[in-house]
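Participant: Mind looking at a prediction? Sequence and model below.
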Amino acid sequence: MKKRKERILLVEDDRNFGFVCKELLEESGYTVVWRHDGVQGWEAFISEPFDICILDVTMPEMDGLTLVRQIRSRNNLVPVIFLTARVQQDDILKGFKAGADDYILKPFNTEELLLRLEALFRRARTSYIADEQSSKFMFNGYEFNSLNQRLVTPTGEQIKMTRKESTLLYLFCVNLNKTVRREVALNAIWGDNNYFMGRSMDVYIVRLRRLIKTVPGLTLVNIHGQGFRLEYKPQDENQQVQPTE
């Protein structure tokens with residue numbers, strides 16, 4: 001098996017399950033650091049670099065939801081997967097709201113886990129922002145900078161966005177006033193069009209609407225049965241929405 005360069009942080013308190021999961025990932029070529037509770041996981045995360053985190057939800061010392069919030073307070077980019085037996089829809093939504101990128105239920109299909117890992121690694125390696133010249137968009141005095149993941153108000157206040165919020169808004173900006181089909185957004189940003197990814201996107205759509213609600217003339221509209229459309233009405237009819245230098 002060819003050794004891969006990606007490093008995985010596995011945080012799982014079940015010794016038997018953690019051992020099996022670590023063995024599976026290492027047999028697939030990954031480097032795995034396994035910690036047995038949330039506090040140990042957090043200490044590992046802040047002490048060395050990781051390309052992805054796989055977390056259980058119910059753990060001693062610090063639960064997985066708290067841990068992912070801690071991770072997101074320090075790093076918005078590293079992908080996080082919950083691998084858990086908690087199957088209630090409310091638990092799944094809490095996981096995505098806390099900042100997870102994916103949610104896999106135990107017992108899991110090993111091939112599915114590996115494919116989802118590869119999809120997350122692929123998205124992490126691929127930037128939708130090809131160059132800085134096309135990363136900024138102006139909306140009635142507000143500037144969206146997708147490269148720096150910020151929405152800047154006319155007074156200069158900078159509102160920091162997460163990676164997914166920024167990437168999703170960028171997708172809508174380059175398709176301004178056009179309908180972006182739901183499955184297109186899911187496949188482009190989440191890498192899959194399934195129930196769990198769909199619930200994750202719904203959470204980010206709500207967040208995005210909150211972020212842009214103060215921007216005059218800018219509205220994210222749900223197109224029933226199709227997808228979403230970012231609609232923009234400039235206050236100055238001569239104003240064109242173009243990427244800025």
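Facilitator: Thanks, I have the structure now. On a predicted model such as this, the values are computed, not experimentally measured, just so you know. Numbers count the residues shown, from 1 in each chain.
Participant: Just give me the longest helix of the chain.
Facilitator: Longest helix in the chain, counting residues (DSSP state H): helix 195-212.
Participant: Please identify the buried residues of it?
Facilitator: Across helix 195-212, burial judged by 16 or more other CB atoms under 10 Å covers 196, 197, 199, 200, 201, 203, 204, 205, 207, 208, 211, 212. Quick note: C-beta positions are derived from backbone N, CA and C, even for glycine.
Participant: Give me the residues contacting it.
Facilitator: Helix 195-212 has contacts (CB atoms under 8 Å, 6 or more residues apart in numbering) with 89, 92-93, 96-97, 100-104, 151, 159, 161-162, 164-165, 168-169, 182, 185-186, 189-191, 218-220, 228.
Participant: Give me the contact list for the strand or helix carrying residue 22.
Facilitator: Taking DSSP states H and E as the criterion, residue 22 maps to helix 15-27. Outside helix 15-27, the residues that touch it by CB under 8 Å, 6+ apart are 1, 8, 10, 12, 32, 34, 36, 54, 83, 106, 110, 113-114.
Participant: which stretches of this structure form strands?
Facilitator: 7-11, 31-35, 52-55, 80-84, 102-105, 136-139, 142-145, 150-152, 158-160, 179-181, 218-223, 227-232 (DSSP state E).
Participant: And residue 194, its phi and psi?
Facilitator: phi -130, psi -180 (degrees, to the nearest 10).
Participant: Including mean neighbour count and distance to residue 23, could the strands of the chain go into a markdown table?
Facilitator: Putting the strands of the chain into a markdown table (neighbours: other CB atoms under 10 Å; distance: least, CB to CB, whole Å) gives the following:
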| stretch | mean neighbour count | distance to residue 23 |
| --- | --- | --- |
| strand 7-11 | 22 | 11 |
| strand 31-35 | 18 | 9 |
| strand 52-55 | 25 | 14 |
| strand 80-84 | 23 | 14 |
| strand 102-105 | 20 | 17 |
| strand 136-139 | 20 | 47 |
| strand 142-145 | 20 | 43 |
| strand 150-152 | 19 | 42 |
| strand 158-160 | 13 | 39 |
| strand 179-181 | 16 | 40 |
| strand 218-223 | 15 | 44 |
| strand 227-232 | 19 | 41 |
